[in-house]
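Novice: Here's a sequence, model it:
(one chain, ligands or ions: 1)
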Amino acid sequence: MSTFDLLEIICLLLPVAALSGWYLGKRSRVGVNSKGITLSSDYYVGLNFLLNEQTDKAVDAFIRMLDASPDSIETTIALGNFFRRQGEVDKAIRIHQSLISNPNLTSKQRNQSLLELAQDYLRAGVFDRAESLLLELTQSVGNQLEVSLRHLVDIYEREKDWEKAIQITTRLQTVTRQSMGSDIAHYYCELAESAWSKGKIKLAFKYLKQGLEHDDHCARISFIQGDFEKKLGRFRHALRAYKRIEFQDAAFLPEALPMIIECHERIDEHEALEEYLNYLLEHCPTISVILIHAEKVKNKQGKEKAAHFLANYMHRHPSIRGLKHLIEFHLSRVMGDVRNELLMLKSLVEQLLEKKPVYRCGKCGFPSRLLHWQCPSCRQWASLKPIQGIEGE
Ligand SMILES: [Zn+2]
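Specialist: Reported below is the predicted structural model:
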């Protein structure tokens, strides 16, 4: 424990230590100094233990002191929180537990103590105990209700209990009067994937439908639905699902492009694919779309024309991925030193691309090369999006 922490605990307990000494002195008529106020002996004992880094014994002494005074409840809560912040969760639990049995607690103080104890258990990773305390608090109507519901959602997400997560999030929506349809849609996605893995195909589709009812802009539902339909060989249905992504969240359209192309090819709709790709080149000229067209130009007219096509678009939409392809188109047309220099440049660009994240969380900035529908850092749903601009799409 640092000097700064020690000072914090002294300041935290000083008023109660004085009150406690006065309270005991008043009751026993001993230990009161000439001004009528003295510090509780447990306060000195506790500090002495702290100075000697015997925090367990210090906690015992402080709990004795706090028990002696009915005015110390808020301080007891704060003392427990102090230890939780320090990472000494076992001590926080002991302190907050000592409060729960206090008969002098008002119902507001009891709820606050229960919530703090639940947060201690959460910090300790003892989710079942935290859950039962939080569920007790959901019967209350005070300030603790919203916080308790949020913690419960967090527990059910971590335990992948998606049905309970839906149930509590629905209640949270009512309490906060804010839509959480996006989160609920992702819970249904999880349920759908789980049902599919168990061979419950009808149920999996039912979950996806329910997810869309909560958030019809959830692109993940369309990805999953497209994948399910594709696995069932229903390529037209799959295509319909994948094409919906453009209108749900256009940032994810490049991710769906390979599947859209595959589905068109499976049902032999090559002209429709051509039309669709031309439409995208005009309305969503991302680097993925431009590269597909450049490849087509290469196959029909050769690498020189493909390089001109790509260079023309890259003036307006500069991109590192585009640069790599441009170098590749030029490579076959040059020899000797120029070719060697281009090879070196290509290698540098590839190394650069290998290290670059592909997705970034819009809430906390977490970078990733893999798509996570829930940010591993801030745990927000659907906050990771493909990076746009010169380094991305
Ligand atoms: Zn994040």
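
Novice: Output the below-cut-off pLDDT ranges for the protein.
Specialist: The chain contains residues with pLDDT under 70 at 1-54, 64-71, 389-393.

Novice: The helix or strand hosting Lys164 packs against which elements?
Specialist: Using DSSP states H and E, Lys164 sits in helix 162-176. Applying 3 or more C-beta pairs under 8 Å, 6 or more residues apart in numbering; DSSP states H and E, one finds that helix 162-176 contacts helix 144-158, helix 181-197. The way it works is simple: take the backbone N, C-alpha and C, and place the C-beta from them, glycine included.

Novice: Tell me the buried residues in the very next helix or strand once past the last one?
Specialist: By that I understand helix 181-197. Next helix or strand after helix 181-197 toward the C-terminus (DSSP H and E): helix 201-214. For helix 201-214, a neighbour-count test (16 or more other C-beta atoms under 10 Å) marks Ala204, Phe205, Tyr207, Leu208, Gln210, Gly211, Leu212, His214 as buried.

Novice: just stretch 85-102 next, same as before
Specialist: For stretch 85-102, burial by neighbour count (16+ other C-beta under 10 Å) applies to Gln86, Glu88, Val89, Lys91, Ala92, Ile93, Arg94, Ile95, His96, Ser98, Leu99, Asn102.

Novice: How about stretch 134-149?
Specialist: Across stretch 134-149, burial judged by 16+ other C-beta under 10 Å covers Leu134, Leu137, Ser140, Gln144, Leu145, Ser148, Leu149.

Novice: Relative to the ion, which of those residues is nearest.
Specialist: Proximity of the buried residues of stretch 134-149 to the ion (C-beta to the ion) peaks at Leu149, which lies at 21.2 Å.

Novice: my read: the closest one touches Leu172, true?
Specialist: Yes. Under the criterion of C-beta atoms under 8 Å, Leu149 makes contact with Leu172 at 4.5 Å.

Novice: How about the residues of this structure by the ion?
Specialist: Cys361, Lys363, Cys364, Phe366, Cys375, Ser377, Cys378 (C-beta under 5 Å from the ion).

Novice: Just the buried residues out of these, in PyMOL syntax.
Specialist: Selection of buried members from these for PyMOL, criterion 16+ other C-beta under 10 Å:
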select buried, resi 361+366+375+377
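
Novice: quick one: which of the residues of the chain next to the ion sit in strands?
Specialist: Of the residues of the chain next to the ion, the ones assigned to strands by DSSP state E are Cys361.

Novice: export the residues of the chain next to the ion to a markdown table and tack on distance to Arg321?
Specialist: Below are the residues of the chain next to the ion laid out as a markdown table (distance: C-beta to C-beta, whole Å):
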| residue | distance to Arg321 |
| --- | --- |
| Cys361 | 21 |
| Lys363 | 26 |
| Cys364 | 25 |
| Phe366 | 22 |
| Cys375 | 24 |
| Ser377 | 25 |
| Cys378 | 28 |
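
Novice: who touches the residue nearest to the spatial centre of the chain in this structure?
Specialist: A centroid search over the chain (C-alpha atoms, centre = their mean) returns Arg379, at 0.8 Å, as the residue closest to the centre. With contacts defined as C-beta atoms under 8 Å, 6 or more residues apart in numbering, Arg379 is in contact with Asp154, Glu157.

Novice: Relative to the whole chain's centre, how far out is stretch 304-322?
Specialist: 37 Å (C-alpha atoms, centre = their mean, to the nearest Å).

Novice: That should have said stretch 103-110, apologies.
Specialist: Relative to its chain's centre, stretch 103-110 lies at 34 Å (C-alpha atoms, centre = their mean).

Novice: what do you get for stretch 183-195?
Specialist: Centroid separation for stretch 183-195 versus its chain: 16 Å, with C-alpha atoms, centre = their mean.
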